[in-house]
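# Sharing a model that was predicted from the sequence below.
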Amino acid sequence: MKKVLFNHAIKSIFFLNILLVILIVGFIFIKGYKIISLKFLFTMPYNSMTEGGIFPALVGTFLLTSLSIIFALPPGVITAIYLNEYVKNKHLINIIKISINTLAGVPSVVFGLFGFSVFVKFFGFGVSLLSGAFTLSIVILPIFISATIEALSAVPYSLREASMALGATKLYTIRHTVLPAAFSSIMTAIILSTGRAAGETAPILFTAAVFFQKNLPDSLFSPVMALPYHIYALMTEGTHPEKQVAIAYGSALVLIITVLFLISLAVFLREKRRRYVNFKH
Amino acid sequence: MLTLNIKEELNKTEEKTKIKVKDLNFYYGPKQTLKNISMDIYEKKVTAIIGPSGCGKSTFIRLFNRMDEFVLESKSEGEIIIDGKNILEKDTDLIDLRRRVGMVFQKPNPFPKTIMENIAYGLKVNGWKDNFQIETRVIDSLKKSALWEEVKYRLKENAYGLSGGQQQRLCIARCIAVRPEIILFDEPCASLDPISTAKIEELIMDLKKDYTIVIVTHNMQQAARISDYTAFFLMGEMIEYGLTKNIFENPKDKRTEDYITGRFG
């Protein structure tokens, strides 16, 4: 009896969650789908943002996200390799892991302020693509490191042993056995980080994003428009809310579809890897 | 009986010692897992090491290719002399040692790569570049490990598509591709069915022509079937060591007899 009740409770909570997701996505879809067209995606906004498309915001988000991934990738992978393969002191690993998890829990607006004072002011990059990408890369770094550590530790020890027993050095083993075996999981980690970076608003609020731009960014030091900030700006500023709100919902729909697409891609890759390389050892 | 003994003695003197273990002690943290072990392992013979779980037999053979390097807080004393050199010394070239002393593990552990790449791995570690040479050696190793007929059309397929027994023979092929002098088998049939086990045993008997083989096994029938010499380990001590025939038919120690007759273990 108790077990049945418990099962029902779990089930209903599960469906409640699914319902919530459907509600949110559905709501945004209904409010935003009318405005979406190729023209909406690929034209500049005009008439003080009451007409036109979201092209510069799309480009901005794309640039910010890809740059932040490029910045986060090398230190992230190297840190994860060091922690998982080299550090033998368990206390040190725990301390670093706790720090990483804490960093992952810091509100992103704090990262925004940090980026503002360090990249914008101290290094003098100004409000720019570069400052924003650096700030975003710090936001995604802890998640990325954790996911990469998980990917590396999922590679069974017996493979490392096999490689070492053939006379390979540790570095050779990591390069030719561990990293290739962990590759698709690391790809998944990258894609999930991309989703996170694309959706973040607070870190770029003070460091990269601007309300409106006539032209596309032409250097690393020019400020950019970005989808999440664009939505925020449309809803809070401007003089024609009735027109702007529709555009905001359209932008939100584009953003949510992009992120959902990236997450599905990650899940797809993970399942594919499970099918082909299932480590039974 | 007498003539038999003389024959055995003669045999013994003819055999060349490949590995000489002298007063070997091994500690894992505060616990001593190997106690004062001394034995000679002969060239181009199969030496089986039997004993109940946790008796230190795996720990023992893992010292021969220095896989203890990865065990934290471990310490070894004594000597393991291979071709005149004590390999427990700090300055041992582990890469060269592991090329000369290959190992096949308990569970088949092929790399998640193609069959070809699996066997070429050790060659590439040793700096082989020429694809033709690598390919020739790969095919040769597959033939020697009795896997060639089964995989000759699927060398570019992932090794994970092979059955467990085939995977284990692939691991043997991978091991002999670098032409070691000694091959260590750490319970190679523990996870295999009887038919695959028979194939591996046959292969080991065949490999004896060219290699010195040390095999750890749980399975006493297996030791009796394939080995020339058998050592019985118990609680980190070597209780008895000698010709397999003698160990199984006429054990000197009561404990060996008890173990072999299945009274414990």
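Looks like it came in fine. Residues are numbered from 1 along each chain as shown, chains lettered A, B, ... in the order given.
# ranges for the helices of the stretch 151-281 of chain A?
Using DSSP state H, counting those that start in this stretch, the helices assigned to the stretch 151-281 of chain A run over residues A:157-165, A:170-173, A:179-199, A:202-205, A:227-236, A:241-276.
# If you count contacts, what does the first one end up packed against?
What that stands for is helix A:157-165. Counting contacts by 3 or more Cβ pairs under 8 Å, 6 or more residues apart in numbering or on different chains; DSSP states H and E, helix A:157-165 is packed against helix A:170-173, helix B:164-177. (C-beta placed from N, C-alpha, C; glycine too.)
# what's next to the first one, contact-wise?
It stands for helix A:170-173. By Cβ atoms under 8 Å, 6 or more residues apart in numbering or on different chains, the residues outside helix A:170-173 that reach it are A:85-86, A:160, A:163-164, B:125.
# Present these as a markdown table; the columns should include pLDDT, distance to B:Tyr229 and neighbour count.
Output for these, formatted as a markdown table (pLDDT from 0 to 100; distance: Cβ to Cβ, whole Å; neighbours: other Cβ atoms under 10 Å in any protein chain shown):
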| residue | pLDDT | distance to B:Tyr229 | neighbour count |
| --- | --- | --- | --- |
| A:Glu85 | 90 | 39 | 18 |
| A:Tyr86 | 90 | 40 | 9 |
| A:Arg160 | 93 | 32 | 20 |
| A:Ser163 | 94 | 30 | 23 |
| A:Met164 | 92 | 28 | 24 |
| B:Val125 | 92 | 31 | 21 |
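# Tell me which two in these are the farthest apart.
Using Cβ to Cβ, the two most remote members of the contacts of helix A:170-173 are A:Tyr86 and B:Val125, lying 19.9 Å apart.
# For the stretch 101-250 of chain A, which residues are neighbours of chain B?
A:156, A:158-159, A:161-169, A:172, A:176-177, A:180-181 (Cβ under 8 Å from any Cβ of the partner chain).
# Now the buried members of those residues.
Buried subset of these (neighbour count, 16 or more other Cβ atoms under 10 Å in any protein chain shown): A:156, A:158-159, A:161-168, A:172, A:176-177, A:180-181.
# circling back: so for A:Ile54, which of the helices of the stretch 151-281 of chain A sits nearest?
Among the helices of the stretch 151-281 of chain A, the nearest to A:Ile54 by Cβ to Cβ is helix A:241-276 (5.2 Å).
# same for the closest one, what does it pack against?
Packing contacts for helix A:241-276, counted by 3+ Cβ pairs under 8 Å, 6+ apart, involve helix A:2-32, helix A:55-81, helix A:179-199, helix A:227-236.
# what packs against the second one?
For helix A:55-81, the helices and strands in contact under the criterion 3+ Cβ pairs under 8 Å, 6+ apart are helix A:38-42, helix A:129-153, helix A:179-199, helix A:227-236, helix A:241-276.
# can you pull the buried residues of the very next helix or strand once past that helix?
Under the assignment DSSP states H and E, the closest C-terminal helix or strand after helix A:55-81 is helix A:90-105. For helix A:90-105, the buried set under the neighbour-count rule, 16+ other Cβ under 10 Å, comprises A:96, A:100, A:103.
# send the alpha carbons of helix A:90-105 over as PDB?
The C-alpha coordinates for helix A:90-105 follow below in PDB (Å, rounded to 0.1, in the frame of the first residue of the first chain):
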ATOM      1  CA  LYS A  90      42.700  12.900  -2.100                       C
ATOM      2  CA  HIS A  91      42.400  15.900   0.200                       C
ATOM      3  CA  LEU A  92      43.700  18.200  -2.400                       C
ATOM      4  CA  ILE A  93      41.200  16.800  -5.000                       C
ATOM      5  CA  ASN A  94      38.300  17.200  -2.500                       C
ATOM      6  CA  ILE A  95      39.300  20.800  -1.800                       C
ATOM      7  CA  ILE A  96      39.500  21.600  -5.500                       C
ATOM      8  CA  LYS A  97      36.300  19.900  -6.300                       C
ATOM      9  CA  ILE A  98      34.500  21.700  -3.600                       C
ATOM     10  CA  SER A  99      35.900  25.000  -4.900                       C
ATOM     11  CA  ILE A 100      34.700  24.200  -8.400                       C
ATOM     12  CA  ASN A 101      31.200  23.300  -7.200                       C
ATOM     13  CA  THR A 102      31.100  26.400  -5.100                       C
ATOM     14  CA  LEU A 103      32.100  28.400  -8.200                       C
ATOM     15  CA  ALA A 104      29.300  26.700 -10.100                       C
ATOM     16  CA  GLY A 105      26.800  27.800  -7.500                       C
END
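# lowest-confidence helix or strand of the chain?
If you meant another chain, say so; for now it's chain A. strand A:51-52 (a mean of 78; mean pLDDT, DSSP states H and E).
# List the contacts of that one.
For strand A:51-52, the external contacting residues (Cβ under 8 Å, 6+ apart) are A:43-46, A:243.
# what's the burial count for residue 25?
I went with chain A, as the question did not name one. Residues near A:Val25, counting by other Cβ atoms under 10 Å in any protein chain shown, number 14.
# Oops, wrong one, chain B.
15.
# wait, doesn't it sit right on B:Gly78?
Yes - contact between B:Asn25 and B:Gly78 holds when scored by Cβ atoms under 8 Å: they sit 5.6 Å apart.
# How is chain A partitioned into domains?
Domain assignment for chain A by automatic domain parsing gives A:1-35, A:38-276.
# Of the contacts of strand A:51-52, just the buried ones, ChimeraX syntax please.
To isolate the buried members of these in ChimeraX, using 16+ other Cβ under 10 Å:
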select /A:44,45,243
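# one step back: out of the helices and strands packed on helix A:241-276, which comes closest to B:Pro180?
With Cβ to Cβ as the measure, helix A:179-199 is the member of the helices and strands packed on helix A:241-276 nearest B:Pro180 (24.6 Å).
# which of the residues in the closest one are buried?
Neighbour-count burial for helix A:179-199 flags A:179-182, A:184-199 (criterion: 16+ other Cβ under 10 Å).
# now do stretch B:103-116
Across stretch B:103-116, burial judged by 16+ other Cβ under 10 Å covers B:103-116.
# Give me the average confidence score over stretch A:226-242.
Per-residue pLDDT values over stretch A:226-242 give a mean of 85.
# what's the first-to-last distance across it?
End-to-end distance for stretch A:226-242: 21 Å, by Cα to Cα, to the nearest Å.
# Repeat that for stretch A:29-46.
End-to-end span of stretch A:29-46 (Cα to Cα): 24 Å.
# can you list contacts of it?
A:51-56, A:58, A:212, A:214, A:246-247, A:249-254.
# now the residues you listed: which count as buried?
Buried among the contacts of stretch A:29-46 (16+ other Cβ under 10 Å): A:53-56, A:58, A:212, A:246-247, A:249-254.
# Parallel or antiparallel, which strands does the least confident helix or strand of chain A pair with?
Sheet pairing here is set by DSSP bridges, and for strand A:51-52 it gives strand A:45-46 (antiparallel).
# Give the full set of residues in contact with residue 210.
As the question left the chain open, I've gone with chain A. Per Cβ under 8 Å, 6+ apart, neighbours of A:Val210: A:127, A:223-225.
# switch to chain B, that's the one I care about
B:Asp210 neighbours (Cβ under 8 Å, 6+ apart): B:Lys44.
# show me what contacts the residue lying closest to A:Phe211 once chain neighbours are set aside?
Of all residues not flanking A:Phe211 in the chain, A:Ala233 sits nearest, at 4.7 Å (Cβ to Cβ, 6 or more residues apart in numbering or on different chains). Taking Cβ under 8 Å, 6+ apart as the contact definition, A:Ala233 lies against A:49, A:211-212.
# Enumerate the residues of the stretch 101-250 of chain B near chain A.
Contact residues (Cβ under 8 Å from any Cβ) of the stretch 101-250 of chain B with chain A: B:102-103, B:105, B:107, B:109-113, B:121-122, B:124-126, B:158, B:160, B:171, B:174-175, B:178.
# What about these, which are in strands?
Among those, the ones falling in strands (DSSP state E) are B:102-103.
# Take the residues of the stretch 101-250 of chain B next to chain A and keep only those in helices.
Taking DSSP state H, the ones among these that sit in helices are B:121-122, B:124-125, B:171, B:174-175.
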